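Enquirer: pasting a predicted model and its sequence here:
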2 protein chains.
Amino acid sequence: MNRLNELNLDRPLDMHVHFRQGNMLQVVAPLTAESFAGAIVMPNLVPPIRSLEAVQAYREAILKATQGRNFTPFMTLFFWAYTDAELEAAADQITAIKLYPAGVTTNSEEGIGDLFAARTTLSAMEELGIPLLIHGETHGFVLDREREFLATYDRLAREFPRLKIVMEHITTREAVELLDRHEHLYATVTLHHLLITLDDVAGGLLQPHLFCKPIAKRPEDREALLQAVLQGHPKISFGSDSAPHPLSAKECAGCAAGIFTAPHALPMLAELFDRHQALDKLQGFVSDHPRAIYSVQPAPKTVRLSRTPSVIPPNYGEVIPFRAGQTCAWSIEDIQ
Amino acid sequence: MNRLNELNLDRPLDMHVHFRQGNMLQVVAPLTAESFAGAIVMPNLVPPIRSLEAVQAYREAILKATQGRNFTPFMTLFFWAYTDAELEAAADQITAIKLYPAGVTTNSEEGIGDLFAARTTLSAMEELGIPLLIHGETHGFVLDREREFLATYDRLAREFPRLKIVMEHITTREAVELLDRHEHLYATVTLHHLLITLDDVAGGLLQPHLFCKPIAKRPEDREALLQAVLQGHPKISFGSDSAPHPLSAKECAGCAAGIFTAPHALPMLAELFDRHQALDKLQGFVSDHPRAIYSVQPAPKTVRLSRTPSVIPPNYGEVIPFRAGQTCAWSIEDIQ
């Protein structure tokens, strides 16, 4: 089989990204907007985005920070017990609603305790066709949190049979398996969970820049994610969960969770898919699947990648990217 | 049952400690010597201690750094293919020989690859009654390393039926169970593995000061260690594995493994044993068991502990101790 030396990606999307606020937004949003046609922007700001006014203000700030880059931010609300009227008003302003169990990750302190107490909100979302994105972890032992949450996905899927439910950043074999149990259950997978295991985080020296939530799991879990993605599983979209923190919040006595992958995500994905002779599956993962699942319409944008080495910068301002200073076998050649 | 408010420990020992070299030795050795009557000092210096001259020089440096504190350093050699003659000459200078599989922890790069290639050394140790202390981890996935090494302990115990073998700093339920399978198999347990799990290291913010090797495991593993120790298992000795690193090697992009517990280890152990109504088992863990197992004779020293709160200092020079700044319910009252 001829190896491809180039690959054109049509409207690549990142279905899970953190842009933060203020100066951090100014640094990171343009980096995503550079190579992606659109991205689902997470609402876990301080305070979280829980009103249409906040959605609009955040969208404007993002559009301003990314202007000239032909980029569509897909906005989200932070899950809450919204009324039908609130959801109807929001429906054409947002792409999805993101649910965080209280306290499970960065800026999730205001998340909801009992999901099923917000039954009317979930029914209204089902009626309006608003997807529910979930950070699916319990408060259990760190390695068991995703596995323990699977029963909640399962119950949600049974009780709301037309609600689109996206299991965000899945990390376990069991989550991959659950995906096939309900037609309306979907998933995003990050770049880093396709590449690292807990061994990379804590097997040698401890690596704060590889620390994220959910934490990377066992080799057999990574393998299950990789196989599903490389075989073109149509219910899985790319969501980087690119989550910037300043150096001072990573190399310190209590390191924040989050890996910053956005700027180099596409070349690194190309390198990974190429290594597994699966380049033909990348377009689906980064664009065709999410366009079908979320019914989003990004503006036209074509990213041409080539098998030409590129070096990942040591930092972007205060933020250290994933694999800083290392070489990736692929590059972005051109963006139209 | 009356709760004890005070406890006298007769000749408390730490059967696994890292004193390092140079300035670090000057900072940390006196802190151990203050409250312990003796300690097994690990030989993983740079270069490792592999000659009698190096043992003697290191002992002298330790005695100088700890003078006036009535403390006996129990010296060790770094495991190597020593000849019978070397071992005979060393026998009355050392308490044990420490084996590191190559590259598994701090300064173990010079460790041995194939243990069973050094069969004559192991036989000679058996004849001479020199205990073999082992950092028992494979190069496998970080959570499986100890479990995978258990077969090696088992084989060693079968092939060398009179060799005293100590499984250092055990962290798993399975290691506790193995202990009862061979009469001549022993273990040390650290303070931190009785207190923390992987959740404490990586379940919230990532905690470099709680990062060690072997890495802390699951709650059920900690529980197995705790039950064995609190029930006074006679084959388990306290070994702190207190392992100092400067702040700059902990709060950085690649954090070194090691937790510094030595100065407050005895009050923290008293607090833990007290909480579980097992204060009567502490003397065995920190002194009676190791004196019987290793046949060591420390000089007389009595440490009186009391149930009086003490605050753990924020740092000792460049080293951040375990639970820096926190309060321990017990204190050292007097040392005679």
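Expert: Thanks, I have the structure now. Being a predicted model, the structure only gives us computed values, none of them experimental.
Enquirer: hang on, isn't residue A:73 packed against residue A:64?
Expert: No: taking C-beta atoms under 8 Å as the definition, residue A:73 is not a contact partner of residue A:64, at 10.9 Å. Every residue, glycine included, has its C-beta placed from N, CA and C.
Enquirer: contact residues of chain A facing chain B?
Expert: A:141-143, A:197-199, A:201-209, A:211, A:215, A:218-219, A:251-257, A:320 (C-beta under 8 Å from any C-beta of the partner chain).
Enquirer: coming back round to it: okay, residue A:73 and residue A:64: which has more neighbours?
Expert: Per other C-beta atoms under 10 Å in any protein chain shown, whichever of residue A:73 and residue A:64 has more neighbours is residue A:73, with 23 against 11.
Enquirer: ok, back up a step: which among the residues of chain A next to chain B count as buried?
Expert: Buried members of the residues of chain A next to chain B, scored by 16 or more other C-beta atoms under 10 Å in any protein chain shown, are A:141-143, A:197-199, A:201-203, A:205-209, A:211, A:215, A:218, A:251-252, A:255-257, A:320.
Enquirer: any low-confidence regions in the stretch 101-250 of chain A?
Expert: Within the stretch 101-250 of chain A, not a single segment meets pLDDT under 70.
Enquirer: can you name the residues bridging to the closest residue to residue A:17 other than its chain neighbours?
Expert: Counting by C-beta to C-beta, 6 or more residues apart in numbering or on different chains, residue A:17 lies nearest to residue A:39, which is 4.6 Å off, once chain neighbours are set aside. Bridge pairing for residue A:39 (DSSP bridges) gives the partners residue A:14, residue A:73.
Enquirer: give me the neighbour count for residue A:39.
Expert: With other C-beta under 10 Å as criterion, residue A:39 counts 30.
Enquirer: check residue A:117 too.
Expert: 10.
Enquirer: which residues does the closest residue to it other than its chain neighbours contact?
Expert: Of all residues not flanking residue A:117 in the chain, residue A:81 sits nearest, at 7.4 Å (C-beta to C-beta, 6+ apart). Residue A:81 sits next to A:112, A:117-118, A:120-121 when contact means C-beta atoms under 8 Å, 6 or more residues apart in numbering or on different chains.
Enquirer: between those residues, which has the most around it?
Expert: residue A:121 (23 neighbours).
Enquirer: thought the residue nearest to residue A:17 was touching residue A:73?
Expert: Yes: the pair residue A:39 / residue A:73 is scored as a contact, 6.4 Å apart, by C-beta under 8 Å.
Enquirer: residues touching residue A:10, list them.
Expert: With C-beta under 8 Å, 6+ apart, residue A:10 has these contacts: A:283, A:287, A:301-302.
Enquirer: run through the bridge partners of it.
Expert: Beta-bridge partners recorded for residue A:10 (DSSP bridges): residue A:302.
Enquirer: where do the strands of the stretch 1-150 of chain A begin and end?
Expert: Counting by DSSP state E, counting those that start in this stretch, the segments of the stretch 1-150 of chain A that form strands are A:6-10, A:13-17, A:38-41, A:72-74, A:76-78, A:96-99, A:132-134.
Enquirer: now swap in the stretch 151-300 of chain A and tell me
Expert: According to DSSP E, counting those that start in this stretch, the strands that the stretch 151-300 of chain A contains are A:165-167, A:185-189, A:236-238.
Enquirer: okay if I get those as a markdown table plus mean neighbour count?
Expert: Supplementary listing: the strands of the stretch 151-300 of chain A in a markdown table, determined by neighbours: other C-beta atoms under 10 Å in any protein chain shown:
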| stretch | mean neighbour count |
| --- | --- |
| strand A:165-167 | 26 |
| strand A:185-189 | 25 |
| strand A:236-238 | 27 |
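Enquirer: for residue B:51, find the nearest of the ones you listed.
Expert: strand A:185-189 (53.7 Å; C-beta to C-beta).
Enquirer: now do the closest one: which elements does it pack against?
Expert: Applying 3 or more C-beta pairs under 8 Å, 6 or more residues apart in numbering or on different chains; DSSP states H and E, we find strand A:185-189 packed against strand A:165-167, helix A:173-179, helix A:219-230, strand A:236-238.
Enquirer: I would like the residues contacting that strand, please.
Expert: With contact meaning C-beta under 8 Å, 6+ apart, strand A:185-189 is reached by A:15-16, A:131, A:133, A:153, A:157, A:164-170, A:175-176, A:178-179, A:225, A:228-229, A:235-239, A:241, A:293.
Enquirer: quick one: strands adjacent to it?
Expert: Its sheet considered, strand A:185-189 pairs with strand A:165-167 (parallel), strand A:236-238 (parallel) by DSSP bridges.
Enquirer: which two among the contacts of residue A:10 are spaced furthest apart?
Expert: Farthest pair in those, by C-beta to C-beta: A:283 and A:301, 13.1 Å.
Enquirer: higher neighbour count, these two?
Expert: Higher neighbour count among residue A:283 and residue A:301: residue A:301, with 22 against 18, using other C-beta under 10 Å.
Enquirer: quick check: pLDDT value at the more buried one.
Expert: We have a pLDDT of 98 for residue A:301.
Enquirer: now it: closest residue in space, sequence neighbours ignored.
Expert: Looking at residue A:301 with C-beta to C-beta, 6+ apart, the closest residue is residue A:37, at 3.9 Å.
Enquirer: next one: phi and psi at that neighbour?
Expert: Main-chain torsions, residue A:37, degrees, to the nearest 10: phi -80, psi -20.
Enquirer: list the contacts for it?
Expert: Residue A:37 touches A:11-13, A:70-72, A:287, A:298-301, counting by C-beta under 8 Å, 6+ apart.
Enquirer: quick one: buried ones out of the residues you listed?
Expert: A:11-13, A:70-72, A:287, A:298, A:301.
Enquirer: re the thing from before, tell me which of the strands of the stretch 151-300 of chain A lies nearest to residue B:273.
Expert: Comparing those by C-beta to C-beta, strand A:165-167 comes nearest, at 44.1 Å.
Enquirer: how many other residues sit next to residue A:200?
Expert: Neighbour tally, residue A:200, other C-beta under 10 Å: 15.
Enquirer: quick check: closest non-adjacent residue to whichever residue of the stretch 51-200 of chain A sits closest to chain B.
Expert: Taking C-beta to the nearest C-beta as the measure, the stretch 51-200 of chain A has residue A:142 as its residue closest to chain B, at 4.1 Å. Among residues not flanking residue A:142 along the chain, residue B:203 sits closest, at 4.1 Å (C-beta to C-beta, 6+ apart).
Enquirer: go on, residue A:31?
Expert: residue A:263 is the one closest to residue A:31 (C-beta to C-beta, 6+ apart), at 4.3 Å.
Enquirer: residues contacting the one you found?
Expert: Applying C-beta under 8 Å, 6+ apart, the residues contacting residue A:263 are A:31-32, A:34-35, A:313, A:316, A:321.
Enquirer: again, only this time at 10 Å
Expert: By C-beta atoms under 10 Å, 6 or more residues apart in numbering or on different chains, the contact set of residue A:263 is A:28, A:30-32, A:34-35, A:242, A:312-313, A:316, A:319, A:321-322, A:332.
Enquirer: report the buried members of those.
Expert: With burial judged by 16+ other C-beta under 10 Å, the buried subset of the contacts of residue A:263 is A:28, A:30-32, A:34-35, A:242, A:312, A:316, A:319, A:321-322, A:332.
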